[in-house]
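Visitor: A structural model of the following input is requested.
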Amino acid sequence: MTIELAVIGGTGVYALGELAGVETHQPVTPYGAPSGPVRVGLYAGRRVAFLARHGEGHSLPPHRINYRANLAALKALGAQRVLALNTVGGITEAYGPRVLACPDQLIDYTWGRISTFCEEPGSEVLHVDFGDPYTPALRQQVLAAAARAGVAVVDGGCYGATQGPRLETRAEIARMRRDGCDLVGMTGMPEAGLARELGLDYACLAIVANWAAGAGPDVDEVITLQDVLDNVAAAMAGVPPLLRSLLVE
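Guide: The predicted structure is shown next:
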């Protein structure tokens, strides 16, 4: 089965509305079951796979997601390119709510997650090059597709991956700003590192849902779930034309 692109949806993104002729796959991998069914169908006439990272009912918190099974399932179905949609908070000025961004760097603040396929006895020990955590060629394809489609996407930035599921303290965000992070999310790692171990092309399209704690023009703003969902829905308006452009390049 040839799959042109696999899309992993984050918080607020539980389906691809334009996916036609959908087939449902429920693979079991050597690492267990993925977050939910993999939906495969035609998008802009090309075969696309979609997986909801948290499950289609958002039942899995970030630290309980079986990232290894998710990526292994997509690869087993024939995917080579993975576009990860990650709902994030904005830290620095260019990354406010409803912005789409394609980061080029990340910092991993997570702990206790299985972060490698080298975990089982007898498995090959891999020391993958991770200097550029997102595949540069796929990043450029995403940015070019956005430009053709007239969708504004911020080029670059550093994604800081935190443990969750709670949001961060002001002091934690201040530290992340000092570290050079522009965005904060909870699912960027180990997903990106595992994709590299599997030899998958992988890029992130970050959907900014809110300012992180203490960031933005109103440092006392209280984040509500409804605000997050409204901002994700607004930013997601740019994703279908971007995907169509990426698939027909």
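
Visitor: contacts for stretch 57-69?
Guide: 11, 14, 29, 31-35, 52-54, 110, 112-114, 117, 163-165, 186-187, 190-191, 194 (CB atoms under 8 Å, 6 or more residues apart in numbering). All C-beta atoms are positioned from the backbone trio N, CA, C, and that covers glycine.

Visitor: For the helix or strand bottoming out on mean pLDDT in the chain, list every residue counted as buried.
Guide: In the chain, no helix or strand scores lower on mean pLDDT, DSSP states H and E than helix 225-236, which sits at a mean of 89. Using 16 or more other CB atoms under 10 Å as the test for burial, helix 225-236 gives 228, 230, 231, 232, 235, 236.

Visitor: And for stretch 98-114?
Guide: Buried, per 16+ other CB under 10 Å, within stretch 98-114: 98-110, 113.

Visitor: taking these one by one, which sit in strands?
Guide: 100, 101, 102, 105, 106, 107, 108 (DSSP state E).

Visitor: so who does residue 52 touch?
Guide: Residue 52 touches 8, 9, 13, 14, 15, 35, 36, 58, counting by CB under 8 Å, 6+ apart.

Visitor: Can you redo the residues you listed as TSV, where the extra columns are pLDDT and neighbour count?
Guide: Output for these, formatted as TSV (pLDDT from 0 to 100; neighbours: other CB atoms under 10 Å):
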residue	pLDDT	neighbour count
8	98	26
9	94	24
13	90	22
14	90	16
15	91	12
35	97	23
36	96	19
58	90	14
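
Visitor: any chance of these in CSV, with secondary structure too?
Guide: Shown next, in CSV, are the contacts of residue 52 (DSSP: H, G, I helix; E, B strand; the rest coil):
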residue, secondary structure
8, strand
9, strand
13, coil
14, coil
15, coil
35, coil
36, coil
58, coil
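
Visitor: Quick check: of those, which lies closest to residue 45?
Guide: Residue 45 lies nearest to residue 15 out of the contacts of residue 52, by CB to CB, at 18.9 Å.
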